[in-house]
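> what shape does this take:
(chains A and B)
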2 protein chains.
Amino acid sequence: MTKVLAIGAYTEEEGAALAAAFECHPLAEEREIANLPHPLRAEITGVAYKGHQGFGAAEMAHLPNLRLVANYGVGYDSIDIEAASARGITVTNTPDVLNDDVADLAIALWLMQGREMEQASAWARSGRWAQEGEYRRNRKLSGARVGIVGLGRIGREIADRLAAFKCELHYHARSEKETPGWRYHADPVALAEAVDVLFIALVGGPATEGYVSKEVIAALGPRGVIINISRGSTIDEAAMLDALEAGELAGAGLDVFLNEPQIDPRFYALPNVVIQPHQGSGSVETRAAMARLQRDNLAAHLSGAALLTPVN
Amino acid sequence: MTKVLAIGAYTEEEGAALAAAFECHPLAEEREIANLPHPLRAEITGVAYKGHQGFGAAEMAHLPNLRLVANYGVGYDSIDIEAASARGITVTNTPDVLNDDVADLAIALWLMQGREMEQASAWARSGRWAQEGEYRRNRKLSGARVGIVGLGRIGREIADRLAAFKCELHYHARSEKETPGWRYHADPVALAEAVDVLFIALVGGPATEGYVSKEVIAALGPRGVIINISRGSTIDEAAMLDALEAGELAGAGLDVFLNEPQIDPRFYALPNVVIQPHQGSGSVETRAAMARLQRDNLAAHLSGAALLTPVN
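Reported below is the predicted structural model:
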């Protein structure tokens, strides 16, 4: 008898699909694992993970027969991969199915920020358009010099879209990639110096913590704009807030934050920052595809077939 | 001695550039022409037009030696071209320099509307993200079936960008055009039936009034979205409002309205409509290029050189 532990806030539909497919025990939060009766814990061989607190060695220790943690999402920085590998536990994620959505949101953040569309909307809705005339001029976006930090699958989707906006494309990654002539920068500071907009498409986790450093932000300069759809941790957020408040950075479009959803209230006072509630992959269609891929990995595990998208 | 009459709300910078280049007389509104002293009116051979009330046979009749109306903007539906031609007056506009900006705004309206970014922003800023959890799921946009009504220069810029979002492209125009395989529909209703999103990129004026008719809107259907960056007049606005209020149309992203800036207040009550204050060409860079092209047409006229962008 093997069971699946479903951790996190699943929608009713997702929960029903998990219950229909598996002997499934739902759990709102990671910390409740310790309170489960021991016989149940021993039966669990797979976890359907959608938690936020983190899933590390301590959580794994409560589940002696755990073999798979199937993450809901492409970023698995909440899961301790090293601890999992040491225990012989495989981790899977949901790559690719969300690339389009996340790239779409990145482009939207860039356009909204540069064309000041939230403020322009408020200008029309408040009656100022009728009373005071046209909204103030803002910034031309097509043809901009843009840099991508992290040219993985999502970074590439962003770059492909930006190419249609006639942008001059630069990127930084661990190594040079095959591209249609996009310019590689081995140093992120050199990348930031060469462009006006920086799209952050790094993976999360300790290796990229604060990767967009105070120096990178300074190199971007007072006309610079940062678009982040990766993880809040990839940017030195305090340095970015300082630069935004001091006018040393022109603006930002952010879907991700440190300590989200309790984000730093300093962001709210900055009219040049577009804020989104981490909804990069948030379309009905994409979330359904992510939930399906998570279940498919669990089903493969239970039937002894090859996992679809293992990460370790 | 020839003079230029500058009609409309120019910025300080634009006014100074006009004054530096020409013997220029500024005028806030068209209706003031009649009050100018006759000797001044007789000296005016060129008009730098940025008005909103309209420039027709009556206005032209006050200016006996008028030869050029240089419009600020690509759309010249406020100017009576027939009356101008009958008087031997040439009209110029400012095409092409604004295509990128307008196409950028069209894409932004589409993304903001579909991904509900204004509401998601409010969700984060109001604290509901922290208190109630993630924002609701919305609509996948990349890969959508989209239709362009009017495949002129701006329509084509929109289509090129949508192609990078992997959209299935359809269009309607007076005649079939050379395209990279985009599907032509001779009938706008057939186009609307084939797609989920309709981008309106028609020219304004009497010929396209209400072109996006009640029938086109009905054919688009309850999952349909309208994006309009052309003129408010191109859509049967009352039919669109009825459909939006009745849930027979999923939403709209609009930069242009009938009677703007006094737009129909029914729009304000619709959360699924993104409203912009006609800022399609509104970047600093593009407005500067438009003002320059307007001045270049006036300078060509005064020096007897060929006009750069005549429309009649």
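
> please count neighbours and contacts with C-alpha atoms only from this point.
OK.

> hey, where'd the helices end up in chain A?
Along chain A, counting by DSSP state H, helices occupy A:12-21, A:38-43, A:57-61, A:81-86, A:99-114, A:117-125, A:128-132, A:153-164, A:188-194, A:214-220, A:237-245, A:284-303.

> quickly compare those helices and say which is most buried.
helix A:99-114 (a mean of 25; mean count of other Cα atoms under 10 Å in any protein chain shown).

> is chain B within reach of it?
Yes: using Cα under 8 Å from any Cα of the partner chain, helix A:99-114 reaches chain B at A:D100, A:D101, A:D104, A:L105, A:A108, A:L111, A:M112.

> hmm, back to that, could the helices of chain A be laid out in JSON lines, adding distance to B:I229?
JSON lines is the format used below for those (distance: least, Cα to Cα, whole Å):
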{"stretch": "helix A:12-21", "distance to B:I229": "38"}
{"stretch": "helix A:38-43", "distance to B:I229": "59"}
{"stretch": "helix A:57-61", "distance to B:I229": "54"}
{"stretch": "helix A:81-86", "distance to B:I229": "49"}
{"stretch": "helix A:99-114", "distance to B:I229": "15"}
{"stretch": "helix A:117-125", "distance to B:I229": "14"}
{"stretch": "helix A:128-132", "distance to B:I229": "17"}
{"stretch": "helix A:153-164", "distance to B:I229": "19"}
{"stretch": "helix A:188-194", "distance to B:I229": "33"}
{"stretch": "helix A:214-220", "distance to B:I229": "32"}
{"stretch": "helix A:237-245", "distance to B:I229": "32"}
{"stretch": "helix A:284-303", "distance to B:I229": "27"}
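
> make CSV from those and add mean pLDDT and distance to B:D96 to it.
CSV is the format used below for the helices of chain A (pLDDT from 0 to 100; distance: least, Cα to Cα, whole Å):
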stretch, mean pLDDT, distance to B:D96
helix A:12-21, 96, 49
helix A:38-43, 95, 67
helix A:57-61, 97, 60
helix A:81-86, 97, 53
helix A:99-114, 98, 20
helix A:117-125, 98, 23
helix A:128-132, 96, 26
helix A:153-164, 98, 17
helix A:188-194, 98, 28
helix A:214-220, 98, 30
helix A:237-245, 98, 34
helix A:284-303, 96, 37
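
> mind checking which of those is nearest B:I235?
Among those, the nearest to B:I235 by Cα to Cα is helix A:117-125 (19.5 Å).

> how many neighbouring residues does the residue nearest to A:R125 when sequence neighbours are not counted have?
Among residues not flanking A:R125 along the chain, B:Y268 sits closest, at 6.7 Å (Cα to Cα, 6 or more residues apart in numbering or on different chains). B:Y268 has 15 neighbouring residues, counting by other Cα atoms under 10 Å in any protein chain shown.

> how close does B:Y268 get to B:L244?
Using Cα to Cα, to the nearest Å, B:Y268 is found at 12 Å from B:L244.

> before we move on, the earlier item: the helices of chain A: which one's closest to A:D255?
That would be, of the helices of chain A and by Cα to Cα, helix A:99-114, which comes in at 8.3 Å.

> list the contacts of the closest one.
Identification of contacts with helix A:99-114 by Cα atoms under 8 Å, 6 or more residues apart in numbering or on different chains yields A:118, A:138-141, A:153-155, A:157-158, A:161-162, A:199, A:227-229, A:251-254, A:272-274, A:280-283, A:286, B:104-105, B:108, B:111-112, B:115, B:140-142, B:165.

> cutoff 6 Å now
Identification of contacts with helix A:99-114 by Cα atoms under 6 Å, 6 or more residues apart in numbering or on different chains yields A:R139, A:I154, A:E157, A:I158, A:G253, A:V274, A:G280, A:S281, B:A108, B:L111.

> wait, the fifth one sits on A:V225?
Meaning A:G253. No: counting by Cα atoms under 6 Å, A:G253 stays clear of A:V225, with 7.8 Å between them.

> can you list residues touching both of B:Y268 and B:L244?
The contact sets of B:Y268 and B:L244 do not overlap (Cα under 6 Å, 6+ apart).

> with adjacent residues omitted, what lies nearest to A:E116?
A:N138 (6.9 Å).

> next, the contact list for the one you found, please.
Neighbouring residues of A:N138 by Cα under 6 Å, 6+ apart: A:R115, B:S283, B:V284.

> if we go to 10 Å?
A:N138 sits next to A:113-117, B:279, B:281-287 when contact means Cα atoms under 10 Å, 6 or more residues apart in numbering or on different chains.

> dump the residues you listed to TSV, plus distance to A:A299.
Below are the contacts of A:N138 laid out as TSV (distance: Cα to Cα, whole Å):
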residue	distance to A:A299
A:Q113	43
A:G114	45
A:R115	46
A:E116	46
A:M117	45
B:Q279	52
B:S281	53
B:G282	53
B:S283	52
B:V284	55
B:E285	55
B:T286	55
B:R287	58
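
> for the residues you listed, name the two members farthest from one another.
Greatest spatial distance in the contacts of A:N138: A:Q113 and B:R287, 18.5 Å, computed using Cα to Cα.

> let me know the pLDDT of A:G143.
A:G143 carries a pLDDT score of 98 in this model.

> check contacts around it.
Residues near A:G143 by Cα under 10 Å, 6+ apart: A:L162, A:A163, A:A164, A:F165, A:K166, A:C167, A:E168, A:L169, B:D100.
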